[in-house]
Structure formats: C-alpha cells, structure tokens
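Visitor: Make a model of this:
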Amino acid sequence: MPFRVTDSASSARLTSQIATARQRVSSAQEQLASGKRINRPSDDPVGTDTVIRLRTTQAELGKFVNNAAGVKEGLQIADDTLNQYQEVMDRARALLTRAASDTIVIEAREPIALELDGIATRLHQLLNTKNGDNYVFGGARINAAPFDSNGVLNATATTDVSIQVEPEGTLVETGVRAETFVSDSTGTILDALKTASAAIRGTGNATADRTTVRATLDRLKDFSTLANAARTSLGERMNHLDE
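Guide: Coordinates of the predicted model:
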C-alpha cells in the first residue's frame, strides 16, 4: 500500500548524507595535508597491518645498513693499519739484508740495531691500534691489547667477532686477530726483531749471529706473507659489504 515520506525522514537522510560528505572531505584534506592515505588504524585496518609490517622490515634493514657501515669502517682501519705494518716490515727486511752482508763493518751494526729497535716499537704500536674502545686486532678480547707493554702476545684465548649484515643471516667477521699474522711456531714478529737486534750488536759468536740474522730475514718474509693473506681477507669482506 502507498506510504508517505515525512519531512522529518527526508531531513534526517539529508543530514546523514551531508555528514558523510563532510567526513569524506575532512579525510581527504587530512590525507592531502599529511601525504598519507592511512593516518589512524580505523582508516584501513588491513592497510594498517601492512604498514606495520613494512615499517618493521624497514627498521630491520636500517639496522643491517648500520651494521654494515660500522663493520666496513673497522675493516678499513684494519686494512690501513696493515698497510703501515707492511711498510715498516719492508724497512726491517732492508736493514736485515744489509746486516746479513759479509762486508758489513762493526761500526755500522749499532745504527742498524737501533733502527730495528725503533721498528719493533712501531710495530708494537700498530698491532695495538684501537678503533673506539676496541682493539683492531684483538678479536673477542675485552679491554685487553694483543700485546702487553713488554711486547708479549696476550695469552688469553680469543675468537673472531662476526656480525649480521643481511636479512638472510649472513655474518661478516669484523676484523682480523693479531695471532693470525704475527706469530709462527717459534714466536712473534717482535721476538724475532729483538733477537735479530741482539745478534747484530754481537753476542760473541759471529757465525751464529750471522745465521740468526739470515734466519730472521727468512721469517720476516713469512710474516709478510701472512699479513698479505690477512689484507686479502679484509678486502674480500669489504667488497662483500659494498655489494
């Protein structure tokens, strides 16, 4: 049967439509002002969940980026220090080559020994280089230098430190331990230089002293090979971080 729409019903419907239109306009203005389609969870519950997941992923990626940057800085410092280490080693080999000569005069031995002593001191400093609060070549040691004040290698067991730099869980070692390139079966590079310095000054047995100097020269070549291997490893890791 026919029915009659009252003025009050029409007014209520119109008022509702106006309110809805105003809400849409307000929402559009808010989106324009903020540059965001979703400003509160009620705007789009499903979209809000997606945004939260994306923000979580973004935060995780930001952490990986920071990790990678920090590791690369440490690796670069280690590489620069090893470069200086090798330059000093080159000078040590030149001095030992001269000292091993059969024609070296007694007067020339003391200056060579003195310079070797200085080289040992310089290598000691380089091997104890720090990056912030951490020793570049200290590995997992906490507040302990690779070498003590007497040039003795720290006996505390240590391991490499690794950090995650990719979402897949890839770990990258943050440095290189001194033990991997400064020691062999008979001692450390600092021990070798001290022994050679004493032999150059003379122990009373010229033949034995010459043998010691030449043996030390061979050991320095081996130490340089180890340092080159360490630098190669550092370079590979820095390339990986760049990628």
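
Visitor: Flag every buried residue along stretch 236-243.
Guide: Buried residues in stretch 236-243, defined by neighbour count with 16 or more other CB atoms under 10 Å: 237-238, 240-241. Every residue, glycine included, has its C-beta placed from N, CA and C.

Visitor: do the same with stretch 124-140
Guide: 124, 126-129, 131, 134-140.

Visitor: Turn the residues you listed into CSV, including distance to residue 10, pLDDT and secondary structure.
Guide: Formatted as CSV, these follow (distance: CB to CB, whole Å; pLDDT from 0 to 100; DSSP: H, G, I helix; E, B strand; the rest coil):
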residue, distance to residue 10, pLDDT, secondary structure
124, 95, 97, helix
126, 90, 97, helix
127, 90, 96, helix
128, 89, 96, coil
129, 85, 95, coil
131, 78, 89, strand
134, 78, 87, strand
135, 83, 92, strand
136, 82, 92, coil
137, 85, 93, coil
138, 83, 91, coil
139, 83, 89, coil
140, 80, 87, coil
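
Visitor: so which of the residues you listed comes closest to residue 232?
Guide: residue 137 (15.9 Å; CB to CB).

Visitor: List of residues touching stretch 69-87?
Guide: By CB atoms under 8 Å, 6 or more residues apart in numbering, the residues outside stretch 69-87 that reach it are 123, 126-127, 129, 131, 134, 136-137, 163, 165, 172, 174-176, 224, 227-228, 230-231, 234-235, 237-238, 241-242.

Visitor: ok now that stretch, how far from the chain's centre?
Guide: 8 Å (CA atoms, centre = their mean, to the nearest Å).

Visitor: Show me what the mean pLDDT comes to for it.
Guide: Averaging pLDDT along stretch 69-87 yields 92.

Visitor: got it, and stretch 159-174?
Guide: Taken as a whole, stretch 159-174 has a mean pLDDT of 78.

Visitor: what sits up against it?
Guide: Against stretch 159-174 from outside (CB under 8 Å, 6+ apart): 60-61, 64, 67-68, 70-71, 74-75, 139-140, 175-177, 237, 240-241.

Visitor: of those, buried ones?
Guide: 64, 67-68, 71, 74-75, 139-140, 175-177, 237, 240-241.

Visitor: Can you give me the distance of the residue most central in space within the chain to residue 138?
Guide: Closest residue to the average C-alpha location of the chain: residue 74 at 2.8 Å, with CA atoms, centre = their mean. Counting by CB to CB, to the nearest Å, the separation of residue 74 from residue 138 is 11 Å.

Visitor: Need the overlap of contacts for these two.
Guide: Joint contacts of residue 74 and residue 138 (CB under 8 Å, 6+ apart) are residue 175.

Visitor: can you pull out the strands in the chain?
Guide: With DSSP state E as the criterion, the chain has strands at 130-131, 134-135, 162-164, 171-173, 183-184, 187-188.

Visitor: Can you say which of those is nearest to residue 218?
Guide: That would be, of the strands of the chain and by CB to CB, strand 183-184, which comes in at 10.7 Å.

Visitor: Show me the contact partners of the closest one.
Guide: Against strand 183-184 from outside (CB under 8 Å, 6+ apart): 153, 189, 219, 222-223.

Visitor: same check, this time on stretch 224-234
Guide: Counting by CB under 8 Å, 6+ apart, 75, 78-79, 82-83, 85-86, 89, 93, 176, 180-182 sit against stretch 224-234.
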